[in-house]
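A.B. asks: I'll drop the sequence and a predicted model, then ask my questions.
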Amino acid sequence: MILHYKPHPGLQHFISKLTLIRYQLDTQVPRVTNPFPPQPDNCLFFYPYDSVCCHNYSKGNMEELSKSILVGPQLSRVDLSMGYNMLVIMISFQPGGMHRLLHVPMHEMLGYHFDATLLLGNEMKEINDRLNNTIDYNRMIDIIQDYLLKKVKKLKASLPIEQVLIQLKQMKTIDQLAKQACISTRQLERQFKERVGMPPKVFARLLRFSKAWVMREKDNDISWIKIAHACDYADQMHMIRDFKEFAGVTPGILQQDLEKSSLRLQGSTIE
């Protein structure tokens, strides 16, 4: 079961979407492992029921994730071993939204995820407990949004650059974004890295790669050539280059890894 929620009006400049994924798997078979290539969104994840184990390719380690985690900018693939009784709630931030929440330069979070209770304190521990003791999914979303609304009310008014960043996924040029933010291109690039965690050109490549991967997750029959064209790659070789950089393997190998599981984690987060 996949449920999509529109953010509260007071959060729409702060978060882009909320997704709840619920499933139960056969306990007589091994735990399902899914490839999870990087995506452009910074996210807050909640796992109220079974835990998730994460194999991080860039760091070469395996760890059990906390009940709530903040995921900073990512440029490499992880594999997620999912539990049997899973509930996943994903809060996807607008570009720059996590920076506003944490007041931390996002490039310092590049490639990392953190136990949300370590950064957000006892309030997050309380939310984890409330989610664990709630069976109503809509109520779960309300609990999370109420918390975020309280955080947003304490923030200062957004700057022009923060308003402009929300338009990133429309793939405007850097010069256009800088002009709208009333700053120079060099200033935009510096503030972009602080708020998003990576240079604008890398973000644009990651956005295009993520779109290509989600298209494959959602439609196993579409050809890679059609995906490359739909995602505005100059040719298939440019797409393969991005797959090797962000996923560590070619599209075909990543597809083979995906087919080992019936779950579609990234594709399921798109309405």
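C.D. replies: Great, that's in hand.
A.B. asks: C-alpha from now on. contacts and neighbour counts both.
C.D. replies: OK.
A.B. asks: what's the pLDDT at A157?
C.D. replies: On the pLDDT scale, A157 is placed at 65.
A.B. asks: For Y49, which three-state class applies?
C.D. replies: Three-state call for Y49 (DSSP: H, G, I helix; E, B strand; the rest coil): coil.
A.B. asks: quick one, phi psi at it?
C.D. replies: With angles defined as degrees, to the nearest 10, Y49 sits at phi -100, psi -110.
A.B. asks: residue ranges of the helices in this protein, please?
C.D. replies: 97-102, 116-120, 122-132, 137-153, 160-165, 174-181, 185-196, 200-218, 224-230, 236-247, 251-258 (DSSP state H).
A.B. asks: Any chance of these in JSON lines with distance to S68 as columns?
C.D. replies: Conversion of those to JSON lines gives the following (distance: least, CA to CA, whole Å):
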{"stretch": "helix 97-102", "distance to S68": "15"}
{"stretch": "helix 116-120", "distance to S68": "5"}
{"stretch": "helix 122-132", "distance to S68": "7"}
{"stretch": "helix 137-153", "distance to S68": "11"}
{"stretch": "helix 160-165", "distance to S68": "26"}
{"stretch": "helix 174-181", "distance to S68": "33"}
{"stretch": "helix 185-196", "distance to S68": "21"}
{"stretch": "helix 200-218", "distance to S68": "23"}
{"stretch": "helix 224-230", "distance to S68": "33"}
{"stretch": "helix 236-247", "distance to S68": "24"}
{"stretch": "helix 251-258", "distance to S68": "25"}
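A.B. asks: give the contact list for D257.
C.D. replies: By CA atoms under 8 Å, 6 or more residues apart in numbering, the contact list for D257 reads 34-35.
A.B. asks: can you do 7 Å?
C.D. replies: Shown in contact with D257 (CA atoms under 7 Å, 6 or more residues apart in numbering): P35.
A.B. asks: Against E64, how distant is it?
C.D. replies: D257 sits at a distance of 21 Å from E64 (criterion: CA to CA, to the nearest Å).
A.B. asks: looking at the helices of the chain, which one has the lowest mean pLDDT?
C.D. replies: Sorting these by mean pLDDT places helix 160-165 lowest, at a mean of 66.
A.B. asks: Go ahead and name everything in contact with stretch 65-79.
C.D. replies: By CA under 7 Å, 6+ apart, stretch 65-79 touches 33-38, 42-48, 51-58, 106, 109-116, 128, 197, 246-247.
A.B. asks: Now, of those, which are buried?
C.D. replies: Among these, those classed as buried by 16 or more other CA atoms under 10 Å are 33-38, 42-48, 51-56, 106, 109-111, 113-116, 128, 197, 246-247.
A.B. asks: In strands, which of these fall?
C.D. replies: 33-36, 43-46, 53-56, 113-115 (DSSP state E).
A.B. asks: With adjacent residues omitted, what lies nearest to L70?
C.D. replies: L44 (4.6 Å; CA to CA, 6 or more residues apart in numbering).
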